[in-house]
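Asker: Have a look; sequence and predicted model below, questions after that.
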Amino acid sequence: MLVALAALCAAAVAGAVVVRDDTDRLRATVTERAATAAGLRFALADLDAQRANSLVPGHSADRPAVLPPGRSADDFQVGNRVLALLTARQRRAEVSDLLRRLGADTARGEQVRALLDGLGRYDDLSGRSAAVDETAPDRPAGRPPTGAVTLSVDAGEVMHRELLPGADALASGYARQADALADRAHDAAVAAAWATAGTGVAALAVLGWCQWRLARRYGRVVNPALCAATLATAVITALGTQAFVSAADGVRAAGRDGLRPWTRLAEARAVAAEAAATEGRWFVYDTRPGSAAGSRFDTLTGRLDALLAPEHYSFAPGRAAHRETLDRYARFRDDDRRLRLLHATGRTDEATAVLTELGRGRIAFDFWDFASSLDTLADRHLGVLTARTASARDGLTGWPAVPAGVLGGAGILVLAGLRPRFAEYR
């Protein structure tokens with residue numbers, strides 16, 4: 001009997017320790033690592049978009065050679081360069097902070113150092129591009145100095161060939177780790193439920209058999225101590241099995257409704273920012289049909305279409321928000337088509353305004369609106385994951401102390417119930 005109770009106690013205690021630890025690691029991996037890496041990927045892509053867009057603004061094509069009385073050069077300025085520069089500064093600060101936080105993970109130290117090296121090269125090239133651009137402050141919109149464009153394109157290559165793939169490797173690595181932890185936590189909870197149920201039933205069978213033997217040999221129908229031990233064993237078996245099954249369901253829901261939708265949305269947010277950066281460089285560098293920048297933009301928007309496809313989104317409470325996000329994405333795409341049409345027809349000033357200025361129907365605003373909705377929806381799923389893992393863990397509140405204490409008491413009751421029989425052998 002004591003061996004059976006010890007087996008049940010070991011199953012319940014070990015299962016509680018493993019499941020609680022796995023759910024804690026899952027939540028920490030996603031909220032502290034995967035979310036940070038996904039934020040880094042977006043911040044890098046948007047940093048590149050803003051630095052590319054900062055080359056676009058300039059004066060309007062109809063500005064006279066001699067300014068009319070009472071008019072300043074700012075009256076003929078097209079595009080919002082200040083917005084791009086301020087946003088770029090903000091994103092650069094975010095990149096430094098996110099890399100610092102990721103550097104705390106020694107297992108990823110080499111990847112973080114590689115990103116820091118690439119970031120240094122990117123800053124050098126984009127800084128030199130800005131310096132060359134400042135040598136021609138009085139230039140038409142959409143026509144920055146050739147040297148500035150060349151350096152900006154080189155900076156973009158560093159971003160697209162080194163920084164973004166490196167950040168993507170970090171983010172996808174943490175996402176795979178989190179996915180494996182979710183599977184592991186679920187499997188551990190299921191195994192603990194089976195182990196608790198199995199050892200509990202075995203312990204109840206042994207206690208029942210002992211009661212039957214005592215009744216036959218000594219003519220006692222009930223042994224109060226053994227009955228109490230049996231009741232305690234039944235309670236731990238039932239509660240433990242139910243708690244572990246509930247934890248398994250909670251972890252499965254955390255992966256289905258939290259982790260996996262969040263991963264897709266976080267990736268979509270970064271891809272959207274990368275597409276916006278490609279759009280800015282296309283505008284000042286190579287607008288020919290079939291150009292590398294145009295092809296890259298088409299590839300990136302194709303990825304967005306797949307990531308945001310309604311058939312891949314099954315979380316019923318979030319469907320309205322997902323449809324709203326798709327509507328904002330459609331507005332962003334409409335702005336892009338309008339930009340290309342204006343540029344193709346030689347209306348550069350209007351195209352510059354569409355690309356860089358704020359307001360509905362402007363890419364700068366509609367991209368921000370779209371990215372913000374992605375961020376809000378992703379945060380919602382991150383909250384779902386946090387809530388479901390917390391619920392799975394809270395279902396085991398008091399464990400493993402509860403089964404250890406209760407079953408330890410049951411063991412004492414067994415000894416107390418059998419003590420009169422042991423006395424016969426003195």
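Answerer: Looks like it arrived, so ask away. Fair warning: this is a prediction, and the values are worked out from it, not measured in the lab.
Asker: Every contact and neighbour count from this point should use C-alpha atoms.
Answerer: Fine.
Asker: the strands in this structure, which residues?
Answerer: Counting by DSSP state E, residue ranges of the strands within the chain are 58-59, 77-78.
Asker: Any idea which of the ones you listed has the lowest pLDDT on average?
Answerer: Per-stretch averages of pLDDT across the strands of the chain put strand 77-78 at the bottom, with a mean of 68.
Asker: what ranges do the helices span in this protein?
Answerer: For the chain, the helices defined by DSSP state H cover 2-28, 35-53, 81-102, 109-134, 146-158, 164-218, 224-253, 260-285, 292-307, 319-344, 348-356, 363-394, 401-423.
Asker: Same list, those, but as CSV with distance to His59, mean pLDDT and mean neighbour count please.
Answerer: Formatted as CSV, these follow (distance: least, C-alpha to C-alpha, whole Å; pLDDT from 0 to 100; neighbours: other C-alpha atoms under 10 Å):
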stretch, distance to His59, mean pLDDT, mean neighbour count
helix 2-28, 50, 86, 21
helix 35-53, 15, 92, 26
helix 81-102, 11, 92, 17
helix 109-134, 14, 93, 17
helix 146-158, 17, 90, 20
helix 164-218, 33, 87, 19
helix 224-253, 55, 88, 21
helix 260-285, 15, 88, 24
helix 292-307, 25, 88, 17
helix 319-344, 16, 92, 17
helix 348-356, 8, 86, 24
helix 363-394, 19, 90, 21
helix 401-423, 73, 71, 17
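Asker: Would you mind saying which of those lies nearest Pro140?
Answerer: For Pro140, the closest of the helices of the chain is helix 348-356, at 8.7 Å, according to C-alpha to C-alpha.
Asker: Kindly provide the distance from the residue lying closest to Asp168 once chain neighbours are set aside to Asp366.
Answerer: With C-alpha to C-alpha, 6 or more residues apart in numbering as the measure, Arg41 is the residue that lies nearest to Asp168, at 6.4 Å, once sequence neighbours are left out. Arg41 sits 20 Å away from Asp366, taking C-alpha to C-alpha, to the nearest Å as the criterion.
Asker: likewise Leu204?
Answerer: The gap separating Leu204 from Asp366 is 65 Å, by C-alpha to C-alpha.
Asker: Same question for Leu308.
Answerer: The gap separating Leu308 from Asp366 is 17 Å, by C-alpha to C-alpha.
Asker: go on, Asp335?
Answerer: From Asp335 across to Asp366, the span is 8 Å (C-alpha to C-alpha).
Asker: Was I right to think Ala34 contacts Asp179?
Answerer: No - checked against C-alpha atoms under 8 Å, the pair Ala34 and Asp179 is beyond contact range at 10.8 Å.
Asker: For Leu304, which residues are in contact?
Answerer: By C-alpha atoms under 8 Å, 6 or more residues apart in numbering, the contact set of Leu304 is 268, 271-272.
Asker: tally of neighbours for Val56?
Answerer: Residues near Val56, counting by other C-alpha atoms under 10 Å, number 26.
Asker: mind checking pLDDT for it?
Answerer: Reported pLDDT for Val56: 84.
Asker: same thing with the one 5 residues further on?
Answerer: What the model reports as pLDDT for Ala61 is 62.
Asker: ditto for Gly395
Answerer: Taken from the predicted model, the pLDDT recorded for Gly395 is 82.
Asker: Leaving out chain neighbours, which residue sits closest to it?
Answerer: On the basis of C-alpha to C-alpha, 6+ apart, the spatially nearest residue to Gly395 that is not a chain neighbour turns out to be Ala243, at 5.9 Å.
Asker: That neighbour and Thr397 touch, don't they?
Answerer: No - under the contact definition of C-alpha under 8 Å, Ala243 does not touch Thr397, with a separation of 9.6 Å.
Asker: Excluding sequence neighbours, find me the nearest residue to Leu116.
Answerer: Beyond its immediate neighbours in the sequence, the residue positioned closest to Leu116 (C-alpha to C-alpha, 6+ apart) is Leu99, lying 7.9 Å away.
Asker: Arg113 is in contact with the one you found, correct?
Answerer: No - the pair formed by Leu99 and Arg113 falls short of the contact definition of C-alpha under 8 Å, at 9.0 Å.
Asker: how near is Gly166 to Ala37?
Answerer: The value you get for Gly166 to Ala37, if C-alpha to C-alpha is used, is 10 Å.
Asker: what's the answer for Asp133, then?
Answerer: Between Asp133 and Ala37 the distance, using C-alpha to C-alpha, works out to 32 Å.
Asker: got the contact list for the residue nearest the centre of the chain?
Answerer: When the chain is reduced to its mean C-alpha position, the closest residue under C-alpha atoms, centre = their mean turns out to be Ala35, at 4.2 Å. Neighbouring residues of Ala35 by C-alpha under 8 Å, 6+ apart: Ala171.
Asker: which residues does Val17 contact?
Answerer: By C-alpha under 8 Å, 6+ apart, the residues touching Val17 are 399-400.
Asker: now with 10 Å?
Answerer: Contact criterion C-alpha atoms under 10 Å, 6 or more residues apart in numbering gives 396, 399-400 as the residues in contact with Val17.
Asker: Make CSV out of the residues you listed and add neighbour count and distance to Gly79.
Answerer: Written out in CSV, the entries for these read as follows (neighbours: other C-alpha atoms under 10 Å; distance: C-alpha to C-alpha, whole Å):
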residue, neighbour count, distance to Gly79
Leu396, 21, 58
Trp399, 21, 62
Pro400, 18, 63
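Asker: Am I right that Ser291 is in contact with Trp282?
Answerer: Yes - taking contact to mean C-alpha atoms under 10 Å, the distance of 8.2 Å between Ser291 and Trp282 places them in contact.
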